[in-house]
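[1] What follows is a predicted protein model with its sequence.
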Amino acid sequence: MPEYDENKQAGIWRKLGLKDYEYEMIVEQLGREPNAVELNMYSVMWSEHCSYKHSRSMLKLFPTDSPRVVQGPGENAGVVDIGDGYAAVFKIESHNHPSAVEPYQGAATGVGGILRDIYTMGAQPIAFLNSLRFAPPDSDRSRYLFEGVVAGIGGYGNCVGIPTVAGEIYFEPCYRGNPLVNAMCIGVMPLERLVLGQACGEGNLVVLAGARTGRDGIHGVTFASEELSDQSEKDRPAVQVGDPFLGKILIDATLEAVEKKLVVGVQDLGGAGLTCALTETASRAGTGLEIDLEKVPLREEGLAPFEILISESQERMLYIVEPERLEALEEIFNHWQLPLTVLGKVTGGREVTVRYEGEVVAEVPAESVAGGAPAYDPESKEPGYIRQLAEFDPLALPPVEDPGQVLLDLLASTDIASKEWVWQQYDYMVRTCTLQGPGGDAAVLRLRETGKALAAAVDGNGRLTYLDPYLGGMLAVAEATRNVSCCGAEPIGITDCLNFGNPEKPEAFWQFRQAVEGMAEACRVLEVPVVGGNVSFYNEVEDEAIYPTPVVGALGLLEEADSNCGTGFCRDGDLICLIGPQRVSLGGSQLLKECYGKVDGKPAGIDLAMEKKVQALLRDLVSGKMVSSIHDLSDGGLAAALAESCLKGSMGARLDLPSAGHLALELFGEGPSRVIISLPEEQLELLSSLAAKAGIRMIELGRVGGDSLEIRCGGSRVLKLGLAEMKKAYGEVFECIMK
Amino acid sequence: MKFGVIVFPGSNCALDSYHLVRDVLHEKVEYIRYDQKHLDGFDVIILPGGFTYGDYLRSGALAARTPVMEAVAGFAAAGGLVLGICNGFQVLAEAGLLPGALCRNDSLQFRCRQVLVRVENSSLPVTKRTAEGRVLKMPVAHGDGSYYAPPELLKELENRGQVIFRYVDAEGKVTAKANPNGSVDNIAGVANRHGNVVGMMPHPERAGEKALGSTDGLALFESMIDFCRGREVPGNA
């Protein structure tokens, strides 16, 4: 190994977030010591955020293939075949740390970033989803973060004209210093239009377009790869600032260029900026690049070469262009009044050579910078709390006295209450394809080109994953795909955002490992591939980690757009049935959290084979137009789901539950693979036979009708609530809190 | 009979009008570039919603100064039909082709939801197929939709029948709760003096198919088609 003078440079790479061992690897791969510019390039690309060095070995567990998968993990986004010559492109990504420091811009640029990943592939973006976690909105700070993030998501998404159609929000004290902001985007394109982020073809031009480069987001990825602290406020300059208008015209211009086949490669500039775009495109194509850095249009004078190379200024794109097509490309960009600059060209080598005013300031092997970071296999150790909490028996708690009041309290809890205050700030209808918007189990978007539709949902339960990470991982996959199936769509792929603590701590890594193994198992059994995603580690403040929070975005395909199904009761006299296993638990439930202030106990396990059968049955029911509504049982169990279906459809219901075992468990117990459906009576026979044939438990609970929700158990009435009082409890929570 | 939909940098609802006219109403429609200087051959010009030029400075202010807007002014002066929806309304107001101004919503937040509007004047080329007092359901989606005009101007607008839509409740009553943005007198849409230029914050193009929750917006497009085909005589023209 070449020697290096430790006294001379020691500390420099450490300050840039590199370990001594990693520096040695760089020297070895480079065959010499890097200069300061090169060291900066390595440090951003070898950050956790870009290199996945603590997660790569685990992510290999995910099944990533199916007959529909066109592009799995490794590109800007996953691509699946949706028939008729079309493909869907989708991905979810976190922007947690920036949002903790600057909520509006942090969230806005999170949306802008995931958007670029989609149209970079050549796809027209058609929808956003998001998954958010905050501390309870009981302090000015947490309300500020919540309000700012929501405004930022809307601010960017509304302006670019892509609807924000679904999402989920939970509030737990563990997210106090470290909220989670996960944004997902879906795009659609003709398959033949797919463009990859590859710098192909010696002699082709490397072209930069969009915003000028400034000092914003310098070392943003390094900031994202460390724990937050009370000093993080000073990292505000590491947060980028978004310009959604520029983002919008960049989409239009890029898609026009792709449609006219003027570009052979496209790569957005996100984390690690130009360094990432240059080294990844060259590395993927096995080519080299020569760049004249002084040509990069700057926002201010005096940026050092290393700053230009690692700036994360938003709304910038890199294109690989055949020289004879440059003029046509310029014409498009001129129309949109967007700057376009030729930076250099593709070479036959394997190096990225960066010149500044004629002088070579960096010369690095593309593959080493983009893919040479070590893959760690960190130590993992089961945290002590796991066994301790699992011993708790929620059934030993004093029984609930007034189930009606408990249901009202649950409906008014921030986790369950209507999120209309949030989504009315998002344009969820623009592009006029939204058949089902926010507030259902999944969003449904029609595809004008094919007459089919896509359904999408995001789900993850940090509380349950905290109690049992392996189970939590399985549940996230199961719930997201179930929600898509509830609308009648077949899950065809998932994208995941894995939000965890510091992977260098054995307990945090154990959580990560367990959750990934659980997700992988669920994907295998449910036969749904993971086509892309993102890992966000170091979600800790002052040694306090968040709940391990794997979030899954599922995409489903509906063969007929008009045969989708909603969650609300909609026909007077319809029968109401419960489908799915009996197994429920109060461990980790909303009831335990809201009414007893506990996050404790053992959540109900999942039988994945049964989950798969239930989902298949749901799809058959919807495509056969047999049911009026389907609603997944989730937070707050059966009672909360019934109330939600009543409220959604503004119709009451009367139910007789067969047993009077443990009342709270019956009403509020939570367990997977369970849904309530409403259907016309004449369909009951067919439903019974289909369920029996599949070996799925199905029980008749009651009927839709009236203007109240009445539940009887073993013959006696246990609760009766009017629609109006439920609506008041459920509907006005955030309006009051955020006033 | 041909519709034109102007695409400014940052327009994002152009597709929705285009789709409605072509695929639902089966009429001819073309996109118009913001730097185009003439509008020959078009019968109706639609200024769609969006965030033209990011709504920087003021909503619609920069788009109002693009080359195509001179052509729109000429087209309107010659009696052509112009419909500005949402940001398109803001552009028309900024261009001086419609009275009044659109200010920040009183909630200070973007609002996307279904609203109800009452037709106040059904004699215009854009409302002929409706009836006075009829309540239409269509969505709003905007941050700067609070209509304002000074009292004297308001009185004039009322007297001349230039107020054409008002936010109302399910009973057709003007209430504060029905008003999504704080518009003065619940005004949701206005016309110019001749009734051929109309601006409205709600989105009729998003209310043209049952699958989207309402078909009440169709009547406005069909009215314009009737007018252009000469089947109907414009009321206020």
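    Good, I have the coordinates.
[2] contacts, neighbours, all on C-alpha from now
    Will do.
[3] Let me know how buried B:Y34 is, in neighbour terms.
    Burial of B:Y34 is recorded as 18 neighbouring residues (other Cα atoms under 10 Å in any protein chain shown).
[4] pLDDT at it, what is it?
    The per-residue pLDDT reported for B:Y34 equals 95.
[5] ok, it - contacts?
    Shown in contact with B:Y34 (Cα atoms under 8 Å, 6 or more residues apart in numbering or on different chains): B:I6, B:V7, B:F8, B:P9, B:T66, B:P67, B:V68, B:M69.
[6] can I assume the first one is in contact with B:D35?
    No. No contact is recorded between B:I6 and B:D35 when judged using Cα atoms under 8 Å, the distance being 9.8 Å.
[7] ranges for the strands of the stretch 301-450 of chain A?
    Using DSSP state E, counting those that start in this stretch, the strands of the stretch 301-450 of chain A run over residues A:316-321, A:340-347, A:351-356, A:359-365, A:434-436, A:443-446.
[8] Residues of the stretch 401-550 of chain A that sit close to chain B?
    Residues of the stretch 401-550 of chain A found near chain B (Cα under 8 Å from any Cα of the partner chain) are A:423-435.
[9] helix/strand/coil for A:A183?
    strand (DSSP: H, G, I helix; E, B strand; the rest coil).
[10] partner residues bridging it?
    For A:A183, the beta-bridge partners under DSSP bridges are A:E93, A:N130.
[11] Number of residues surrounding it?
    Neighbours of A:A183 (other Cα under 10 Å): 30.
[12] sec struct for residue 97, please.
    Picking chain A for this. Per three-state DSSP, A:H97 ends up helix.
[13] got a list of what B:A207 touches?
    So B:A207 contacts B:K137, B:M138, B:P139, B:G213, B:S214, B:T215, B:D216, B:G217, B:L218 (Cα under 8 Å, 6+ apart).
[14] how far away is the closest residue to chain B within the stretch 501-650 of chain A from B:Y18?
    Using Cα to the nearest Cα, the single residue of the stretch 501-650 of chain A nearest to chain B is A:D562, 7.6 Å away. For A:D562, the distance to B:Y18 equals 22 Å [Cα to Cα, to the nearest Å].
[15] Ok, B:I46 next?
    Where B:Y18 is concerned, B:I46 sits at a distance of 9 Å (Cα to Cα).
[16] Between the two, which is the more surrounded one?
    Taking other Cα under 10 Å, B:I46 and B:Y18 do not tie; B:I46 has more neighbours (26 against 23).
[17] Among the residues of the stretch 401-550 of chain A next to chain B, which ones are in helices?
    A:W423 (DSSP state H).
[18] Reformat the residues of the stretch 401-550 of chain A next to chain B as a markdown table; add distance to A:A285, pLDDT and neighbour count.
    Output for these, formatted as a markdown table (distance: Cα to Cα, whole Å; pLDDT from 0 to 100; neighbours: other Cα atoms under 10 Å in any protein chain shown):
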| residue | distance to A:A285 | pLDDT | neighbour count |
| --- | --- | --- | --- |
| A:W423 | 41 | 97 | 23 |
| A:Q424 | 44 | 97 | 18 |
| A:Q425 | 42 | 98 | 24 |
| A:Y426 | 39 | 98 | 33 |
| A:D427 | 39 | 98 | 26 |
| A:Y428 | 38 | 98 | 30 |
| A:M429 | 39 | 97 | 26 |
| A:V430 | 37 | 98 | 27 |
| A:R431 | 35 | 97 | 21 |
| A:T432 | 38 | 97 | 24 |
| A:C433 | 36 | 97 | 22 |
| A:T434 | 38 | 97 | 26 |
| A:L435 | 40 | 96 | 23 |
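[19] Count the neighbours of A:G217 for me.
    By other Cα under 10 Å, 27 other residues sit near A:G217.
[20] hang on, the earlier thing: shared neighbours, B:I46 and B:Y18?
    B:V5.
[21] Pull the distance from stretch A:291-305 to the chain's centre.
    Distance of stretch A:291-305 from its chain centroid, counting by Cα atoms, centre = their mean, to the nearest Å, is 34 Å.
[22] Which residues outside it are in contact with it?
    Taking Cα under 8 Å, 6+ apart as the rule, stretch A:291-305 contacts A:37, A:206, A:208, A:212-215, A:308, A:341-345, A:352-358, A:361.
[23] ok, now how distant is the nearest residue to A:V422 once chain neighbours are set aside from chain B?
    Distance criterion Cα to Cα, 6 or more residues apart in numbering or on different chains; nearest residue to A:V422, sequence neighbours excluded, is A:V150 at 6.6 Å. Computed as Cα to the nearest Cα, to the nearest Å, the A:V150 to chain B distance reads 10 Å.
[24] Repeat that for A:L278.
    Distance from A:L278 to chain B, by Cα to the nearest Cα: 29 Å.
[25] these two touch, right, that residue and A:L289?
    Yes. Applying Cα under 8 Å, one finds A:L278 in contact with A:L289, separated by 7.4 Å.
[26] Now for these two: what residues contact both?
    A:V352.
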